[in-house]
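1. Pasting a predicted model and its sequence here:
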2 protein chains.
Amino acid sequence: MTAAKLLSSCRIRSTPYKRKVEALGVSGYSVVNHTILPKGFGRSIEEDYWHLRQHVQLWDVGCQRQVELRGPDAARLAQLMTPRDLSAAEVGHCLYAPMIDDNGGMLNDPVILKLGDNHFWFSIADADMLLWAKGLALGMGLEVQIEEPDVWPMAVQGPKSDDLMAAVFGETVRAIGFFRFRMLQFHGHPMLVARSGYSKQGGFEIYLDNSVLAEPLWDALWQAGEDFNVAPGCPNLIERIEGGLLSYGNEMTRANNPVECGLEGYCQLDGSVSYIGLQALQRISEEGAQQCIKGVLFDGDRCPACSRPWKVKVNNFTVGQITSAIWSPRFNTNIALGMIKKAYSIAATKVEVECEDGSIRGGEICNLPMTA
Amino acid sequence: MTAAKLLSSCRIRSTPYKRKVEALGVSGYSVVNHTILPKGFGRSIEEDYWHLRQHVQLWDVGCQRQVELRGPDAARLAQLMTPRDLSAAEVGHCLYAPMIDDNGGMLNDPVILKLGDNHFWFSIADADMLLWAKGLALGMGLEVQIEEPDVWPMAVQGPKSDDLMAAVFGETVRAIGFFRFRMLQFHGHPMLVARSGYSKQGGFEIYLDNSVLAEPLWDALWQAGEDFNVAPGCPNLIERIEGGLLSYGNEMTRANNPVECGLEGYCQLDGSVSYIGLQALQRISEEGAQQCIKGVLFDGDRCPACSRPWKVKVNNFTVGQITSAIWSPRFNTNIALGMIKKAYSIAATKVEVECEDGSIRGGEICNLPMTA
């Protein structure tokens, strides 16, 4: 499958950065939220990985679509959709928040941006949460407008992100706290800039709300980036797995609950906050998770891409599955994220991994994030 | 973009036919409902087109996911979700049905299969209608189970479909009416077989509900197909545009209503049926559509793939947009589907098409389906 092309259509939407990433030689795409996600620029994932850890990259993450809630019942609906207690959130806060259904099943894990007391963006992973929000609002008769605004995030990630962003947006960016946002000026246009992003290397996400400015914004960052060895990039699978960053649709689906995903810390379970799935989640929490997401290190040559779940076994007994895997040049072994039965989830537990190339590799469980 | 690879991940789901289509040399994919859609087998789209019109093809359309409604309120929820009157539908019927929101905006255009009085499958185009259904049901307190069953449709399309299907399922398939289904036996397992599919060349869709049988089913059809010049295939863009078959996400989105999509005939507007969006749709119908979906024929060499909407102009004034376009070897011109302002939508109206390669082509409006 890695050798097959992605066919063009309007249905799979372009981003306003597309001409820029094409000019920089984008070599692969994924599709998220009916939108292209550039996933490679002709260099190896390992080269991208080392670069991301040392310098700074521009990522076209326009596929991180926003579900906007606005109106008298916006705050009420936002809280109904997540177990995370939003009551103390202030305007300017970004909140990583699981979203669950009535059974406690994971529907998404967006970053929620509080723009006003009754104004929120849910910056979503790959699922049509707008339909969920609209269905709930209509069914419950809530007074809230739910739209996908014309917002196209791009990310600046890597240890030199502060220097690059300061060169374009001014020194004030350095004062933005982690998971906080500010409105900064670009070409006379206010732009939402958050200290966040889908890596552990530091950086920012710019929530561009005017696609006409996409290319000027990209160009300004690219030109200022010459001093910082800037490169185009994308969420890096090696860095993501090492850092234990989950991917909705990979490590977790509607079949999983936030407790087994290690997200219980984001869930208010004492009943002080009312949301969909509260009763189910309280029960799940009381009973305790039967499985949990762990890291797996495993032997052998560079493993193939993980395009379907791989079984993890102990003594020929299936104890879990791996859903993301790759070779780590830093740990000098294959690394993976997987959902593992509790009894086998202790670090250093020996396992076998059944790769989709037919190979069976010896491995062991490890904690997340992975450390040398 | 056509040259870039689709990157593998578990999030973009495989189908149980994947090994078969890979063995047959699949060369491209699209992504629908978080699932791969094989889109080419090394031959040109034109070769596939002629073959589809003359012989028979096997299509892996496992991406046509089912949203199953089951339980005491299933029929009520099904009717709430579509303007099409379902009251006369019988078990064994397939119904093409627009789905709309409270503003009359198109959410999807599934085929609804009535499996029982309170048991439906919505065979959906590319959007997470399960979340819409669940949101509504939860918000309204309906008693209905909503799931995505383990069902993986494959299609047999082309004029020799009856002969091929009869060879595998028996002569009884010939008696299945258009948009009707029956349960037929395969390897001792009952299988839902419908006379339907995303082409105008005739054929069937098999709603395989046991993925273990995917390869035996594919093999049985392939082997019996040797007598009928069988080939692997996929929804063919030339055939689809000529036939005027719409594609959700391309020709229509939530910004469009069923009236302008030419689907008013599927909408019960007299108030005898209650559904979400009824009032909005009645108002839209009374006011009349401001635009409508039409065919466009246009000049010049083979046009590029349409990866973003192309403007259609008259006297330098934008009168619509094209969202699907390709060269037709039968009509010996470029053909397209587009949304055109009413005043300019009469067949033979002269227009100009702005292709994404920068070329401006002369063209004219035509009716659908296109006829020589």
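-> Looks like it arrived, so ask away. Because the structure is predicted, anything quoted here is derived from the model rather than measured. Numbering: from 1, shown residues only, chains lettered A, B, ... in the order given.
2. Give me the three-state assignment for A:I284.
-> Under DSSP: H, G, I helix; E, B strand; the rest coil, A:I284 falls in the helix class.
3. Tell me what A:I100 is bridged to.
-> A:I100 has these beta-bridge partners by DSSP bridges: A:M106.
4. which residues touch it?
-> A:T82, A:P83, A:M106, A:L107, A:N257, A:P258, A:Y275, A:I276, A:G277, A:A280, A:L281 (Cβ atoms under 8 Å, 6 or more residues apart in numbering or on different chains). Placement of C-beta: from N, CA and C, glycine included.
5. Spit out the contact partners of the first one.
-> Okay, so that is A:T82. Applying Cβ under 8 Å, 6+ apart, the residues near A:T82 are A:A97, A:P98, A:M99, A:I100, A:I112, A:Y275.
6. how far away is it from A:D101?
-> Noted for A:T82: a distance of 12 Å to A:D101, by Cβ to Cβ, to the nearest Å.
7. Looking at the contacts of A:T82, which is nearest chain B?
-> Nearest to chain B out of the contacts of A:T82 is A:M99 (Cβ to the nearest Cβ; 10.1 Å).
8. What is the neighbour count of the closest one?
-> 28 (other Cβ atoms under 10 Å in any protein chain shown).
9. I'd assumed A:M81 was in contact with it.
-> Yes - A:M99 is within contact range of A:M81, at 5.3 Å (criterion: Cβ atoms under 8 Å).
10. anything in contact with each of those two?
-> A:F122, A:M129, A:W132.
11. what about burial for the residues you listed, which qualify?
-> A:F122, A:M129, A:W132 (16 or more other Cβ atoms under 10 Å in any protein chain shown).
12. Please list the residues of the stretch 101-250 of chain A that sit near chain B.
-> A:101-102, A:107, A:126-129, A:131-141, A:247-250 (Cβ under 8 Å from any Cβ of the partner chain).
13. now stretch A:82-97, how far from the centre of its chain.
-> In terms of Cα atoms, centre = their mean, to the nearest Å, the gap separating the centre of stretch A:82-97 from the centre of its chain is 17 Å.
14. could you give me the average pLDDT of that stretch?
-> Here stretch A:82-97 scores 98 as its mean pLDDT.
15. Pull up the distance across it, start to finish.
-> 6 Å (Cα to Cα, to the nearest Å).
16. got it, and stretch A:351-364?
-> Across stretch A:351-364, first to last residue, Cα to Cα, it's 5 Å.
17. So which bits of the stretch 251-372 of chain A are right by chain B?
-> Counting by Cβ under 8 Å from any Cβ, the stretch 251-372 of chain A comes close to chain B at A:I276, A:A305, A:C306, A:S307, A:R308, A:P309, A:T323, A:S324.
18. could you flag which of the residues you listed are buried?
-> A:I276, A:A305, A:C306, A:S307, A:P309, A:T323, A:S324.
19. By proximity to chain B, which residue of the stretch 151-300 of chain A wins?
-> Closest point on the stretch 151-300 of chain A to chain B, by Cβ to the nearest Cβ, is A:G249, at 3.2 Å.
20. That residue: neighbour count?
-> Residues near A:G249, counting by other Cβ under 10 Å: 21.
21. now it, nearest residue through space, not along the chain?
-> Leaving out its chain neighbours, the residue that sits closest to A:G249 by Cβ to Cβ, 6 or more residues apart in numbering or on different chains is B:R11, at 3.2 Å.
22. How about the secondary structure of the one you found?
-> Classified using three-state DSSP, B:R11 is coil.
23. That one is in contact with A:M252, isn't it?
-> No - between B:R11 and A:M252 there is no contact under Cβ under 8 Å: 10.2 Å.
24. In terms of neighbours, single out the busier of these two.
-> A:M252 (27 against 21).
25. hey, what's the more buried one bridged with?
-> A:Y248.
26. pLDDT wise, what is the closest residue to A:N118 other than its chain neighbours at?
-> Nearest residue to A:N118 in three dimensions, chain neighbours excluded: A:A74, at 4.0 Å (Cβ to Cβ, 6+ apart). Listed pLDDT for A:A74 reads 98.
27. how far away is A:A74 from chain B?
-> Distance check for A:A74 against chain B: by Cβ to the nearest Cβ, to the nearest Å, it reads 16 Å.
28. can you check A:L337 too?
-> As for A:L337, its distance to chain B is 10 Å (criterion: Cβ to the nearest Cβ).
29. Tell me, how many residues neighbour A:D270?
-> 7.
30. Hmm, A:R70 is touching A:P149, no?
-> No - between A:R70 and A:P149 there is no contact under Cβ under 8 Å: 9.5 Å.
31. of those two, who's got more company?
-> A:R70 (17 against 13).
32. To which secondary structure element type does A:G300 belong?
-> coil.
33. where along chain A do the helices fall?
-> Along chain A, counting by DSSP state H, helices occupy A:18-23, A:45-54, A:74-80, A:129-140, A:161-169, A:214-224, A:237-243, A:278-287.
34. ok so, going back, let's have the shared contacts of A:M99 and A:M81 in JSON lines, adding pLDDT.
-> JSON lines is the format used below for the shared contacts of A:M99 and A:M81 (pLDDT from 0 to 100):
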{"residue": "A:F122", "pLDDT": "98"}
{"residue": "A:M129", "pLDDT": "98"}
{"residue": "A:W132", "pLDDT": "98"}
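35. is it possible to export the residues you listed to TSV including distance to B:Q57?
-> Converted to TSV, the shared contacts of A:M99 and A:M81 look like this (distance: Cβ to Cβ, whole Å):
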residue	distance to B:Q57
A:F122	41
A:M129	36
A:W132	36
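36. So, low pLDDT: which residues of the stretch 151-300 of chain A?
-> Nowhere does the stretch 151-300 of chain A drop to pLDDT under 70.
37. Now the two most distant members of the residues of the stretch 251-372 of chain A next to chain B.
-> The span of these, defined through Cβ to Cβ, is set by A:I276 and A:A305 at 35.1 Å.
38. if you look at stretch A:25-35, does any of it touch chain B?
-> Yes - contact of stretch A:25-35 with chain B (Cβ under 8 Å from any Cβ) involves A:V26, A:S27, A:G28, A:Y29, A:S30, A:V31, A:H34.
39. Determine the number of other residues adjacent to the fourth one.
-> Here the neighbour count serves as a burial measure; for A:Y29 (other Cβ under 10 Å) it reads 25.
40. Go ahead and confirm it touches A:I36.
-> Yes - here A:Y29 lies in contact with A:I36, judged by Cβ under 8 Å, at a distance of 4.9 Å.
41. Can you give the domain ranges for chain A?
-> Chain A breaks down by automatic domain parsing into domains covering A:18-64+A:151-241, A:290-366.
42. roughly how far out does the last one sit from the chain middle?
-> Translated: domain A:290-366. 21 Å.
43. circling back: wait, the residue of the stretch 151-300 of chain A closest to chain B sits on A:D109?
-> No - counting by Cβ under 8 Å, A:G249 does not reach A:D109; the two are 10.2 Å apart.
44. was I right about A:K114 contacting A:H93?
-> Yes - between A:K114 and A:H93 there is a contact under Cβ under 8 Å: 5.1 Å.
45. So which of those two has more stuff around it?
-> A count of neighbours by other Cβ under 10 Å puts A:K114 above the other of A:K114 and A:H93, at 20 against 17.
46. tell me the contacts of A:G92?
-> A:K114, A:R180, A:F181, A:R182 are the contacts of A:G92 under Cβ under 8 Å, 6+ apart.
47. ugh, wrong one, A:I124
-> A:N33, A:Q64, A:R65, A:Q66, A:V67, A:N108, A:P110.
48. And for it, nearest residue in space, chain neighbours not counted?
-> Per Cβ to Cβ, 6+ apart, closest to A:I124 is A:P110, 4.5 Å.
49. swap in A:T253?
-> According to Cβ to Cβ, 6+ apart, the nearest residue to A:T253 is A:M106 (6.7 Å).
50. and the gap between the one you found and chain B?
-> 12 Å.
51. burial measure for that residue, as a count.
-> 26.
52. my read: it touches A:A125, true?
-> No - the pair A:M106 / A:A125 is not scored as a contact, 9.8 Å apart, by Cβ under 8 Å.
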